[in-house]
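> what follows is a predicted structure for the sequence shown.
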2 protein chains.
Amino acid sequence: MTMVEHLSVSRSFTMLLPYYSTSSAMKRRTIRCVDSSTSTSEIKPNSIPAATPLQLNLSAAESSKKIKAVEERLERFNWKSKQLDKIVEIFSGRLLECGLVFEQNFLIRSSELGADSKASIGALTNILQESALNHVKGAGILAEGFGSTPEMSRRNLIWVVYRMQIVVDSYPSWGDVIQVNTWTCASGRNGMRREWIVRDYKTGKTLLRAACVYVMMNKTTRKISKFIKEIREETKNIFMEITEPIINHEDAKKLRALDVDTADNVQAGLLPKWSDLDVNQHVKHVKYIEWILESAPRWILETHELSIMTLEFQKECGMNTSLQSLSAVANRDDHRHHNNKHNDEVELEHTIRVENESQILLKGRTMWLLKIS
Amino acid sequence: MTMVEHLSVSRSFTMLLPYYSTSSAMKRRTIRCVDSSTSTSEIKPNSIPAATPLQLNLSAAESSKKIKAVEERLERFNWKSKQLDKIVEIFSGRLLECGLVFEQNFLIRSSELGADSKASIGALTNILQESALNHVKGAGILAEGFGSTPEMSRRNLIWVVYRMQIVVDSYPSWGDVIQVNTWTCASGRNGMRREWIVRDYKTGKTLLRAACVYVMMNKTTRKISKFIKEIREETKNIFMEITEPIINHEDAKKLRALDVDTADNVQAGLLPKWSDLDVNQHVKHVKYIEWILESAPRWILETHELSIMTLEFQKECGMNTSLQSLSAVANRDDHRHHNNKHNDEVELEHTIRVENESQILLKGRTMWLLKIS
């Protein structure tokens, strides 16, 4: 699909350039489009030719012309307000199945790619978060606080992630459209489980599955709160009956805390920065993921692809706390490892903790598969 | 606009849940939507009730049903392929004025917000980059290498940013749709200037203006290349005649290199990480911006908003190079400063350099305005 409109051999039109509207002076330009095959004009980069095809007339237009311009602009904005609803709908997704499922499409941007030209796990995590918030917003129960309902907001409660699991089959590339489906249900007495499936829009192929368990926390006391009846009532229209988890979380039970003695790699002196904070003044989840990746040996980052990630968040963190990211190769002695001479499957254990203290912020586990190239 | 479809009092339907297609077994579900006002069922978070409204039948469907399901799915993908073009067009923008101007809309995501709940300057810079690449892609002259044309690619040439200037009037918030217009022209003998205006889609209000000057570099020798005739020929359809810059770049001439003696603040030991690298294995521009912000005093970050940023890139940087970010309050002695007792306007000078060496990676200048609250 080419986005270039058909060009007639020589075509002129006059318009108010919308992207020049910052200037207080009304500018009228005549732009002449010349078909490239018949063009005889040379580009003169260092001078504005005497008879430029792009003529600027900077003098103020007469009153009648001004009125016409204002009318044209108003007309344009009327048209735009109709378009806006459509664009917002396409960009910000839609509710399916009576609101139980939310679907949103994303176009992978260049800034979301890592050094291997594929969307990074951090960028994909951000996309999951965005679709979750839009689910709550779309259902009309979003107050301030990013994910909080009005009742939660009144009681000063916020959702915090306790466990996160992502299983990636394949990473999308720049320009790919991905379709995110997400839904939620209760988890235990007081938690919420949210799940995602992300697929390639064009092929329908599953790219990744993810699940998060959230708990409710009081914003001031930082204590875990019960999932009270009033909030259950409020959220019931978007809560599914409990379904079988899309990711087997057996793995999460085995998470082990590393210390300097048990770790193979220690990245010390990690300092959360201003740009790492979210709207709650806490370090963004994606930052923890970057620190996790940071502690993986360079040869794994270069030759392997992250396939499974399990994280368990134990404590929050703000600025001015120096952190350590520790990692160790897991299952060094198990049977599978001995049969895996080519390291086509590597499992790492991770811990992020406060430097010079035993306080653990998160425990994690990642599985890496050899890249097929 | 509510995205919740009208719910009948009690409505049942059977469908193949698309987000369950990862499972090899065909799953048929019956979902009964019950209007909340007439609902009598209680949510039982810790058990799956005997007679759940969401019934899973996990047994394999008969052949005839399977065929029907496959047909339904095929039909769905036919419909989707038509939709895909539309979605890609809406997401990835369009050429205007014979290809000279490119327009793309973006919905601000939650992950793009900083601690002040506004889109961060880094996120906005990423959006500018994305629209620039899509301009080149939309014009059909994008080869690999992110912005390189086929002729550039054959000659192993890439574009590198030499100077970047951003003037922000107002920062967008979560869920805002912004419209980016971008165009390009020659700059001097061998450079390219690209400019952007970003506006609020709904109000038409200008949010920011930006300009970048790029030069061409040989990927292997890292030497600056001439803007040769063959590449000029290739790019002429998207190059405007030289226009007056939308940002006055007088300011850029005054950029001063700081050292430890002239700086007020030195952030040392900054180490580029794997996740900071772009597809060319070099540190992303947005990372430099984060380091620049990092060296600004905390009280400025909390009470002021970045209004103008000018950066001049002098050298590239990969991993394993320890860096320093230096900053100093500018114009301490000038007249304006003495009249500015409330610090409602603060100007900073910036330098990022290799630690323990005199080699400078970038020089910059930022202007901060007191937040109105």
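Okay, I see it.

> residue nearest the centroid of chain A?
A:Asn126 (2.4 Å; C-alpha atoms, centre = their mean).

> next structured bit after the helix or strand encompassing that residue?
Using DSSP states H and E, A:Asn126 sits in helix A:121-138. As assigned by DSSP H and E, the chain's next helix or strand after helix A:121-138 is helix A:150-154.

> what residues are up against A:Phe106?
A:Ile127, A:Glu130, A:Val177, A:Ile178, A:Val180 (C-beta atoms under 8 Å, 6 or more residues apart in numbering or on different chains). Quick note: C-beta positions are derived from backbone N, CA and C, even for glycine.

> checking it next. Helix, strand or coil?
strand (DSSP: H, G, I helix; E, B strand; the rest coil).

> residues in a beta bridge with the residue of the stretch 151-300 of chain A found nearest chain B, which ones?
Closest residue of the stretch 151-300 of chain A to chain B, C-beta to the nearest C-beta: A:Ala186 (3.1 Å). Listed by DSSP bridges, the beta-bridge partners for A:Ala186 are A:Met192.

> so where's chain A shaky on pLDDT?
A:1-87, A:89, A:145, A:249-253, A:332-342, A:373 (pLDDT under 70).

> can you list the domains in it?
Per automatic domain parsing, the domain ranges recorded for chain A read A:10-60, A:93-247, A:248-373.

> tell me which of these sits most buried.
domain A:93-247 (a mean of 19; mean count of other C-beta atoms under 10 Å in any protein chain shown).

> what about it, start to end distance?
24 Å (C-alpha to C-alpha, to the nearest Å).

> chain center to it, what's the gap?
11 Å (C-alpha atoms, centre = their mean, to the nearest Å).

> residues from the stretch 201-350 of chain A in reach of chain B?
Within the stretch 201-350 of chain A, the positions adjacent to chain B are A:201-202, A:204, A:206, A:209, A:227, A:232, A:236-237, A:239-243, A:246, A:269, A:273-275, A:277-279, A:281, A:284, A:286, A:290, A:293-294, A:298, A:301 by C-beta under 8 Å from any C-beta of the partner chain.

> if we go to 7 Å?
A:201-202, A:204, A:206, A:209, A:232, A:236-237, A:239-242, A:273-275, A:277, A:279, A:281, A:286, A:290, A:293-294, A:301 (C-beta under 7 Å from any C-beta of the partner chain).

> could you find the closest non-adjacent residue to A:Ser120?
A:Gly114 (4.0 Å; C-beta to C-beta, 6 or more residues apart in numbering or on different chains).

> isn't that neighbour right next to A:Ala123, touching?
No: using C-beta atoms under 7 Å, A:Gly114 makes no contact with A:Ala123, being 8.1 Å away.

> before we move on, back to that, what's the closest of the contacts of A:Phe106 to A:Leu95?
Closest approach between the contacts of A:Phe106 and A:Leu95, by C-beta to C-beta: A:Val180, at 13.1 Å.

> the residue nearest to the closest one when sequence neighbours are not counted and B:Ser120: what is the separation?
In space, and not counting its chain neighbours, A:Val180 is closest to A:Ser131: 4.4 Å by C-beta to C-beta, 6+ apart. The gap separating A:Ser131 from B:Ser120 is 20 Å, by C-beta to C-beta, to the nearest Å.

> quick check: the nearest residue to A:Ile308 once chain neighbours are set aside vs B:Asp264, distance?
Distances taken as C-beta to C-beta, 6+ apart place A:Met367 nearest to A:Ile308, at 4.0 Å, with adjacent residues excluded. Using C-beta to C-beta, one obtains 46 Å as the distance from A:Met367 to B:Asp264.

> now A:Gly269
23 Å.

> gap between A:Phe146 and B:Glu241?
A:Phe146 is 47 Å from B:Glu241, by C-beta to C-beta.

> same thing with A:Asp116?
40 Å.

> returning to that earlier point: the helix holding A:Asn126 packs against which elements?
Applying 3 or more C-beta pairs under 7 Å, 6 or more residues apart in numbering or on different chains; DSSP states H and E, one finds that helix A:121-138 contacts strand A:101-107, strand A:177-187, strand A:191-200, helix A:285-294.

> can I get these in CSV including distance to B:Leu96?
Output for those, formatted as CSV (distance: least, C-beta to C-beta, whole Å):
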stretch, distance to B:Leu96
strand A:101-107, 19
strand A:177-187, 23
strand A:191-200, 30
helix A:285-294, 34
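
> quick check: bridge partners of the residue nearest to A:Ile308?
Per DSSP bridges, the residues bridged to A:Met367 are A:Ile308, A:Glu347.

> ok, now which ones touch it?
A:Ser307, A:Ile308, A:Glu345, A:Glu347 (C-beta atoms under 7 Å, 6 or more residues apart in numbering or on different chains).

> can you tell me the closest non-neighbouring residue to A:Asp276?
Nearest to A:Asp276 is A:Lys287, by C-beta to C-beta, 6+ apart, at 4.6 Å.

> please apply the same query to A:Gln267.
Closest to A:Gln267 by C-beta to C-beta, 6+ apart is A:Ser325, at 4.3 Å.

> which residues pair with the one you found across the strands?
Here A:Ser325, judged by DSSP bridges, has bridge partners A:Gln267, A:Ile352.

> and it, what does it touch?
Shown in contact with A:Ser325 (C-beta under 7 Å, 6+ apart): A:Gln267, A:Leu270, A:Trp291, A:Ile292, A:Glu294, A:Ser295, A:Ile352.

> these two touch, right, A:Asp344 and A:Trp368?
No: using C-beta under 7 Å, A:Asp344 is not in contact with A:Trp368; the gap is 9.3 Å.

> so what touches stretch A:259-267?
For stretch A:259-267, with C-beta under 7 Å, 6+ apart as the criterion, the contacting residues are A:Glu294, A:Ser295, A:Pro297, A:Gln324, A:Ser325, A:Leu326, A:Ser327, A:Ala328, A:Val329.

> where along chain A do the helices fall?
Per DSSP state H, chain A carries helices over the ranges A:63-92, A:121-138, A:150-154, A:229-235, A:285-294, A:298-303, A:335-338.

> returning to that earlier point: what's the closest of the domains of chain A to B:Trp196?
Of the domains of chain A, the one closest to B:Trp196 (C-beta to C-beta) turns out to be domain A:10-60, at 8.6 Å.

> residue contacts, the nearest residue to A:Lys315 once chain neighbours are set aside?
Nearest residue to A:Lys315, sequence neighbours excluded (C-beta to C-beta, 6+ apart): A:Leu361, at 5.0 Å. Going by C-beta under 7 Å, 6+ apart, A:Leu361 touches A:Gln314, A:Lys315, A:Cys317, A:Leu323, A:Ile352, A:Arg353, A:Val354.

> how close does the last one sit to chain B?
Which is A:Val354. To chain B, A:Val354 is 18 Å away according to C-beta to the nearest C-beta, to the nearest Å.

> my guess is that residue contacts A:Asn320. True?
No: counting by C-beta under 7 Å, A:Val354 sits too far from A:Asn320 to count as a contact (11.2 Å).

> what sits in contact with each of those two?
Joint contacts of A:Val354 and A:Asn320 (C-beta under 7 Å, 6+ apart) do not exist.

> show me the beta-bridge partners of A:Asn218.
A:Leu157.

> no no, A:Ile224
Residues in beta-bridge contact with A:Ile224 (DSSP bridges): A:Met217.

> tell me the contacts of it?
A:Ile224 neighbours (C-beta under 7 Å, 6+ apart): A:Val215, A:Met216, A:Met217.

> distance-wise, check the last one relative to A:Val160.
Applying C-beta to C-beta, one obtains 5 Å for the distance of A:Met217 from A:Val160.

> what of A:Val177?
A:Val177 is 31 Å from A:Val160, by C-beta to C-beta.

> then A:Gly364?
16 Å.

> likewise for A:Ala210?
From A:Ala210 over to A:Val160 (counting by C-beta to C-beta), the distance is 17 Å.

> over to A:Ser110?
31 Å.

> next: A:Leu277.
A:Leu277 is 15 Å from A:Val160, by C-beta to C-beta.

> repeat for A:Met319
A:Met319 is 18 Å from A:Val160, by C-beta to C-beta.
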